[in-house]
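> the sequence isn't on hand, but the structure is:
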Ligand code: NAD
């Protein structure tokens, strides 16, 4: 029976450290500042943004939220990002995605100052991560959180271990693969065109699922003793809870997989809570760097 890696508890540890370090930094006259920008009314995005702003306040940050109407023009959004780039009280800028269709998402991301890009999506930060220049990179929050969970079980050095990442998105799959590589794992990235995925998955000492398909990864895809990191968050109908009710499941069939795995992250309460915690950690790191101080390690 697998060890369950508790993302909620680990996220609280990260946030506790952010709070302590924020208090220490604030004494030197620098308060970490996070600006969160949202355009439009997408309900899921509203929930994410509200919890990011709430966490930032809880950490003792200077927390600013810009909520813009759906019809906001691209130039207007570029101007706001440039204003935040120039604002010395802001160390982290997060533009909530997706943006409305009439705005070029790529252009907005590339407008963010790479040294304030706490989401880690700017080409400069992608390049830093890709070249293993982790000392100055901002690493995307979800894979950064997933790595911290993995570290709890396997340590920092994954030499000799094989890792399979299922999913090749720019937000999760690719940065996750780069982090695993930087930690000395032997990495394979699988995706929708991969042949015989179950057989490939069974070779993994570390199996990361970032697909977005409910419970696709079955128990017999998991090598005995493997560490399974389930990034997927999928809402499915739950008629057993009542008519019209839903519940969250991961990309991994948890009940089956935990019989084979050595350790596994649950959904909910796994990678999900780590994402916002790592956003706080990245913002703190940015503030330390701006102040010319060595950021704390997470
Ligand atoms: P995405 O849709 O951008 O990418 C999905 C990837 O899965 C693609 O690379 C695709 O090739 C691959 N894929 C699709 N079908 C496949 C199949 N049948 N077999 C193998 N590979 C297949 O998604 P994403 O943004 O990377 O997100 C993946 C999952 O992680 C989603 O469930 C999302 O909700 C979740 N997610 C969670 C967090 C969090 O924990 N905070 C953050 C981001 C994403």
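Looks like it came in fine. Just so it is clear, the model here is predicted, and its values are computed rather than measured. Residues are numbered from 1 along each chain as shown.
> drop to CA atoms for contacts and neighbour counts, all remaining ones
Will do.
> domain assignment for the protein?
29-116, 141-273 (automatic domain parsing).
> looking at those domains, which is nearest to residue 11?
Closest approach to residue 11 among those (CA to CA): domain 141-273, 6.0 Å.
> so how far is that closest one from its chain's centroid?
13 Å (CA atoms, centre = their mean, to the nearest Å).
> show me where the stretch 51-200 of the chain has helices.
Taking DSSP state H, counting those that start in this stretch as the test, the helices found in the stretch 51-200 of the chain are 74-86, 105-111, 123-130, 141-154, 173-182, 197-201.
> output these in JSON lines, with distance to residue 223 appended to each entry.
Listed next are the helices of the stretch 51-200 of the chain as JSON lines, based on distance: least, CA to CA, whole Å:
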{"stretch": "helix 74-86", "distance to residue 223": "46"}
{"stretch": "helix 105-111", "distance to residue 223": "38"}
{"stretch": "helix 123-130", "distance to residue 223": "28"}
{"stretch": "helix 141-154", "distance to residue 223": "15"}
{"stretch": "helix 173-182", "distance to residue 223": "18"}
{"stretch": "helix 197-201", "distance to residue 223": "8"}
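> reformat the ones you listed as TSV; add distance to residue 216, mean pLDDT and mean neighbour count.
What follows is these, written out as TSV (distance: least, CA to CA, whole Å; pLDDT from 0 to 100; neighbours: other CA atoms under 10 Å):
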stretch	distance to residue 216	mean pLDDT	mean neighbour count
helix 74-86	38	98	16
helix 105-111	30	98	16
helix 123-130	29	98	18
helix 141-154	19	98	21
helix 173-182	16	98	22
helix 197-201	10	98	17
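> just put those in a markdown table and tack on distance to the ligand.
Formatted as a markdown table, the helices of the stretch 51-200 of the chain follow (distance: least, CA to the nearest ligand atom, whole Å):
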| stretch | distance to the ligand |
| --- | --- |
| helix 74-86 | 23 |
| helix 105-111 | 14 |
| helix 123-130 | 15 |
| helix 141-154 | 5 |
| helix 173-182 | 6 |
| helix 197-201 | 7 |
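> among those helices, which is nearest residue 278?
Across these (criterion: CA to CA), the nearest stretch is helix 141-154, sitting at 5.2 Å.
> quick revisit: okay, the domains of the chain, which one's buried deepest?
Greatest average neighbour count among the domains of the chain goes to domain 141-273 (a mean of 20), per mean count of other CA atoms under 10 Å.
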